[in-house]
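Novice: Next one to model:
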Amino acid sequence: MADFENNAFFWQKIDTLYLSSKLEIIREKGSKHPEFGNLVYPVEYGRLKDTSTSDNEGIMVFKGSEKSSSVSAIIIAADILKKDLQTKLLIGCSKDDEDKILRFLNQTDYQKTILVRRGQEIPSWGLTD
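Specialist: Below is the predicted model:
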């Protein structure tokens with residue numbers, strides 16, 4: 001399926017970022033987007049405090065319906081209004097949550113996203129003798 005390397009070491013670092021930061025929920029499930037009232041958040045949405053991004057907002061997170069403390073996937077969003085690429089972490093998201101989040105983020109013609117699910121592979125260069 002994938003033509004990219006989806007390795008366990010990458011996800012280990014993502015988990016460390018998540019677990020070493022405090023999650024601040026800024027949009028509750030069912031709340032409306034502040035600029036686009038027709039967009040309703042399908043799950044909780046927040047940011048990891050004390051993390052950095054190009055827009056100084058911190059790493060953004062969708063927190064789903066399942067109890068979990070590991071990152072199950074990331075979303076990469078291309079936004080032509082902001083002329084920006086953004087990444088968002090998915091925590092505790094079921095397949096149904098993922099589908100709702102993707103529908104939510106892809107409603108507009110100005111932004112399109114992809115989802116990369118967590119991989120467990122260890123690349124050959126990561127093995128030691």
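Novice: Buried residues, the helix or strand of the chain with the lowest mean pLDDT. List them.
Specialist: One helix or strand of the chain scores below all others by mean pLDDT, DSSP states H and E: helix 8-19, with a mean of 89. Judged by neighbour count using 16 or more other C-beta atoms under 10 Å, the buried positions of helix 8-19 are 10-11, 14-15, 18. Placement of C-beta: from N, CA and C, glycine included.
Novice: Same check on stretch 76-88?
Specialist: Of the residues in stretch 76-88, those buried (16+ other C-beta under 10 Å) are 77, 86, 88.
Novice: show me the residues around the last one that make contact.
Specialist: This means K88. Listed by C-beta atoms under 8 Å, 6 or more residues apart in numbering, the contact partners of K88 are 59-62, 74-75, 77.
Novice: circling back: and the least confident of the buried residues of stretch 76-88?
Specialist: On pLDDT alone, Q86 ranks lowest of these, at 91.
Novice: Nearest residue to it in space, please, no chain neighbours.
Specialist: Of all residues not flanking Q86 in the chain, A77 sits nearest, at 4.5 Å (C-beta to C-beta, 6 or more residues apart in numbering).
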